[in-house]
Each structure stands twice: as structure tokens, then as C-alpha cells.
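> no FASTA, just this:
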């Protein structure tokens, strides 16, 4: 009798627990502290490209409205060319643009979002022809509150601000390959959840759902609701 009753007791436990546990409270608690999924927004850019600067300025206004819903990153449009010195990457606006890309990638990796974004805005404010210059990188790190020497950003990009640090060059290659994989060919290309939704190449193009600040805010809000429904 003991051998036949004991399994029955074991197999009856789930139904007993289901009867006595407050399922609604349990279900509620299981969702506590689960962060919302943020919307991936990628801007395919070249750091010295006028289209990129315009696009980043537009998204600075977008972020003011949906910062808590967005995971924003920059993907750099370039070509892998191992014959190129220092970077092994060919950047349309020359090696200083490659250096600017590296500086921004390293700041992004080692600084909080707000500091990194301030770093990018500072570089843009200096004029696109100065992006990538070592003294501008060091100045903008200070403006953005990034400790270039100890945060990891300087070691990544080059403590001298050159943008030629080994880690940073590797990040640039990875970003370039990512852009190729995403089929990004124009700076600036706006992607939401990995899908191109708009391009600025001299003018706004292929923007089915609009290109104003409010248009981008609306698209991001809709995607956020979809991801978290």
C-alpha cells in the first residue's frame, strides 16, 4: 500500500499547490523588475559626412522625447581595405574620418550614453572638417565629462587622441562589417529594429512614414508598444 499511495501523493501536489497558491499574485510578482524592451535605433553614418551631422541633430531632438524608449547606436559606413595604413578601413572622407569613427566608438563603449552622445555633439559643433583631430577628441572628452585617461576610452582610441588605438581600430572594422551586413550604403540611414525606415543623402529619401522629429517619435513609440505588448 505504501508503494502505491506515495506516488499518488507526489503527483497530486501540483493540483494542491494550484488550488492554494494565489495565482494572480504569483503571476504579478513574476513580472516585477522585468525591464521594458527598448527600441533599437541605428544611424548608419560617416563621422565627417554633412548628412550624418544633420541626421544626428534631428535625432538629438527625437531623443528629447523618447530617450527612455530607445537604444541608440551609430554604425559606420566604410569599406574594409587592408592596404590602408593605420585602420585597414577606407573612409570616404579620409583617414581623419576613420579616426573620428574610432573616437566615437570608444567613447560609446566606455562612457555612459549621455556622455558619449555629448561627445559626438561636441565634435559636430567643432565643424565636420575637425572631427577626428586629436586635440578635438581630447577637448570634447573633457566637455562631455569623459575621463580620457582612466575610463578606458583613451586606451581604446589612443591616449594621444589619435583614434589609432588597437581596440578602437578593431571596433571600427566590426562596425563597418555590421553596416555591410545591414546593407547600409548611405550616410545617413535610419534603422528601427534593424529595418531601414529613412535615408538622408542630400535630402530625405525613402521615408515612407515621414522624416520629421514627430514622425520618428511616432514610429519609435509604435515599435516600443509592439515590443512590450
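That came through, no problem. Please read these numbers as outputs of a predicted model, since none were measured by experiment.
> ok, now which ones touch the closest residue in space to residue 140 that isn't next to it in sequence?
With CB to CB, 6 or more residues apart in numbering as the criterion, residue 140 has its nearest non-adjacent residue at 3.7 Å, and that residue is residue 122. C-beta: built from backbone N, CA, C; applies to glycine. Contact analysis of residue 122 by CB atoms under 8 Å, 6 or more residues apart in numbering lists 139-140, 143-144.
> let's see which of those residues end up in helices.
139-140, 143 (DSSP state H).
> how about those in CSV, adding neighbour count, pLDDT and distance to residue 160?
Compiled in CSV, the ones in helices among the contacts of residue 122 are given as follows (neighbours: other CB atoms under 10 Å; pLDDT from 0 to 100; distance: CB to CB, whole Å):
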residue, neighbour count, pLDDT, distance to residue 160
139, 16, 98, 13
140, 26, 98, 15
143, 16, 98, 18
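> now the residues you listed in CSV, with distance to residue 200?
Formatted as CSV, these follow (distance: CB to CB, whole Å):
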residue, distance to residue 200
139, 27
140, 23
143, 26
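> need the helices for this structure, in chain order.
Counting by DSSP H, the helices of the chain are 2-20, 23-30, 50-66, 95-110, 113-125, 134-143, 153-157, 166-181, 213-227.
> distance between the fifth one and the chain's centre?
Centroid displacement of helix 113-125 relative to its chain, using CA atoms, centre = their mean, to the nearest Å, is 13 Å.
> buried set for that helix?
For helix 113-125, the neighbour count (16 or more other CB atoms under 10 Å) marks 115-124 as buried.
> which stretches of this structure have low pLDDT?
1-33 (pLDDT under 70).
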